[in-house]
Each structure stands twice: as structure tokens, then as C-alpha cells.
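S.K.: The amino acid sequence is not available; the structure is as follows:
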């Protein structure tokens, strides 16, 4: 494996940048010495970190979610690669968003599905559209709660980067109030 693979791993409120290459593993830029990983049985992994042995039960869920059990404690981890993180960041527009804004295509792709209807109320994080880009489906979600305004696309339609896919309105406003 010549090229490094990078993941963003979130456990609770803490996110770690994990980079894996032929030379080993780096966590937040720090090389993990003596880090070896072995599959003991389905979903059960054994690994070494700094000479100490650990065993973790890891069950994969959807969209990068993992249920982990380590030393009798349960954890939930969200694991995404650079591309998925960028898609999520662009679709949610970060936590600084206070009012609904148009939903834009984060990259060129194909609209696979529209999950809502015009006039529908959605909560922050609610699914709006599914866009396929580079053979991966990406769910675009509402950055904040609001009402779906005009939907500019239909399933099967190709879209360009930054194209407006859907208008979002404050929850108490309808599209005809404009």
C-alpha cells in the first residue's frame, strides 16, 4: 500500500485523524509504535499499541457508524474518509448555520432520490436528497430545521457542483410567502 489512507474517527465529542500507510499508523500526526492488527474472529480484533495488547469487538453499522466494545465499555464511533467528510461538511454547511439556506450539490453527480416533498417540515440532520458521485451514494441532510421550499431536481437528473438542488425556508414560512 503506497498511498496513505486517511480517516476521521469521532468517538463522543472527540475526533481523531487516522492515517494508514505501508509504514504504519499515525493518529493526529503521531506515529503509533508497535501497532499491529489481527482479526481473531468475525468482528473481534486484537492489536498492539506500544507493547500493550488490546482486544476490541467491532460491529459495523451504516454510514460509517461502528459499535465498539473495549475492556467491558461500549463506544460508538463514526469513521469516514476525507471525501465523505468533505461531502458532509458541504451538505451541512457546519454548525455556524443559523437559518435555512439553499441545498447545493457538493460535487457533480446524479440525483438518485429525493427524500422530501415541497412544504414538508424537516429537522436538522433530516435526509433531503441522495446524490451519487464517483459510484458512491451520499445523503444530503438539512443543516438546520426548516420547511422544504422549491425542489429544483428530480431523481435521475445529473447536477453540477454548487448547483442549487432545493430551497429551504424557515419553518413558519411557505414558498408562496416570498
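M.R.: In hand now; what should we look at? Computed from a predicted model, the values in this text were never measured in an experiment.
S.K.: Can you list the neighbours in contact with the helix or strand of the chain with the lowest mean pLDDT?
M.R.: Counting by mean pLDDT, DSSP states H and E, the weakest-scoring helix or strand in the chain turns out to be helix 82-92, with a mean of 71. When contacts are taken as C-beta atoms under 8 Å, 6 or more residues apart in numbering, the neighbours of helix 82-92 outside the stretch itself are 6, 8, 64, 80, 103-104, 106-107, 125, 133-134, 136, 138-141, 143. Quick note: C-beta positions are derived from backbone N, CA and C, even for glycine.
S.K.: Pull the number of nearby residues for residue 155.
M.R.: For residue 155, the count of nearby residues is 11 (other C-beta atoms under 10 Å).
S.K.: Now it. Its backbone dihedrals?
M.R.: Listed backbone geometry of residue 155 is phi -60, psi 140, with angles given as degrees, to the nearest 10.
S.K.: how far away is it from residue 12?
M.R.: Applying C-beta to C-beta, to the nearest Å, one obtains 36 Å for the distance of residue 155 from residue 12.
S.K.: same deal with residue 56?
M.R.: Residue 56 sits 16 Å away from residue 12, taking C-beta to C-beta as the criterion.
S.K.: tell me the domain boundaries of this structure?
M.R.: As assigned by automatic domain parsing, the chain contains the domains 5-81, 93-177.
S.K.: Quickly compare these and say which is most buried.
M.R.: Here the criterion is mean neighbour count by mean count of other C-beta atoms under 10 Å, and of the domains of the chain the winner is domain 93-177, at a mean of 16.
S.K.: want to try a markdown table for the domains of the chain, with mean pLDDT as columns?
M.R.: Output for those, formatted as a markdown table (pLDDT from 0 to 100):
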| stretch | mean pLDDT |
| --- | --- |
| domain 5-81 | 83 |
| domain 93-177 | 85 |
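S.K.: Save those as TSV, and put in distance to residue 87 too.
M.R.: TSV is the format used below for the domains of the chain (distance: least, C-beta to C-beta, whole Å):
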stretch	distance to residue 87
domain 5-81	9
domain 93-177	5
